[in-house]
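Trainee: Sequence first, then the predicted structure, then my questions.
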Amino acid sequence: MTPAEIAPKDRLIVPLDLPSVDAAEAMVARLGDSVTFYKIGYQLAYAGGLPLITKLAGSGKKVFADLKMHDIGNTVARGTESVARLGATFLTVHAYPQTMKAAVEGRGTSGLKILAVTVLTSYNDDDLHAAGYRFGVSELVEARAQQAQVLGIDGLVSSPEEVGALRKIVGHQMSLVTPGIRPAGAPTGDQKRIMTPGRAIAAGADYLVVGRPILEAADPRAAADAIQAEIAQALG
Ligand SMILES: O=c1ccn([C@@H]2O[C@H](COP(=O)(O)O)[C@@H](O)[C@H]2O)c(=O)[nH]1
């Protein structure tokens, strides 16, 4: 699917960052048809949430398995094979060459799309230097995007701040998925590289991941609807 073919409503991905499957299912019911795409990450996956991938996919929702794999190649490849059987649309791995190569091998012809996490949106240049990297964020994101493209990765996770530069590198062959989204005035929390939904779409992001501004809202459905409206407006 080319970016232009993605329906505006399917561009919002809501992470089910909740403590139990019951809480996640209650949130999905509350959001109703406002949200078509969900993400399952560490909190819910480690609380028995992996079968929910299959259940949500069976009910017509798309599901992003945000498991951020990083291990020796054989383990990543075999783990990816297992995730492919769950029915997820996307799976994340960290953007290390061995890891990306193994995930591409593991997904085989399953249809599972592999996204490489370039640099976490909670990191800035100082955080990278503290972790021992000699590159700043933009250099490292761009270098990893080039490696991901060569290795046959399907998409990239980055902050919306890097989307313009990434499009120039990868064109429209790869999906650009951006967490670090905050509606104007929303608390940033631990995110350091952020943008509003409208600006992220205008910058060229294909998918926006928006968690706490929806999950912690007094009315999550109204919060999701407002973000959907901002996305639609930015798409024109
Ligand atoms: O670089 C990354 C990669 C993944 N995430 C995930 O996205 C959501 C963001 O949640 P918010 O509540 O909107 O901050 C969360 O599940 C992260 O694990 C990311 O934020 N940055």
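Mentor: Yep, it's here.

Trainee: Now name the helix or strand holding Val177.
Mentor: strand 175-178 (DSSP states H and E).

Trainee: What strands line up against that strand, and which way round?
Mentor: strand 155-157 (parallel), strand 207-209 (parallel) (DSSP bridges).

Trainee: For those, could you give me CSV that also reports mean neighbour count and mean pLDDT?
Mentor: All C-beta atoms are positioned from the backbone trio N, CA, C, and that covers glycine. Formatted as CSV, those follow (neighbours: other CB atoms under 10 Å; pLDDT from 0 to 100):
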stretch, mean neighbour count, mean pLDDT
strand 155-157, 25, 98
strand 207-209, 25, 98
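
Trainee: Mind listing residues that contact the strand holding Val177?
Mentor: 3, 13, 64, 90, 113, 115, 121, 154-160, 163, 166-167, 170, 195, 200, 204-209 (CB atoms under 8 Å, 6 or more residues apart in numbering).

Trainee: Quick check: phi and psi on Ile114?
Mentor: phi -100, psi 130 (degrees, to the nearest 10).

Trainee: Just the element for Thr56, please.
Mentor: For residue 56 the amino acid is Leu, not Thr. helix 50-58.

Trainee: could you say what helices and strands whatever helix or strand comes next after the strand holding Val177 packs with?
Mentor: Next in sequence after strand 175-178, counting helices and strands by DSSP H and E, comes helix 197-203. With contacts taken as 3 or more CB pairs under 8 Å, 6 or more residues apart in numbering; DSSP states H and E, helix 197-203 sits against helix 163-170, strand 207-209, helix 220-235.
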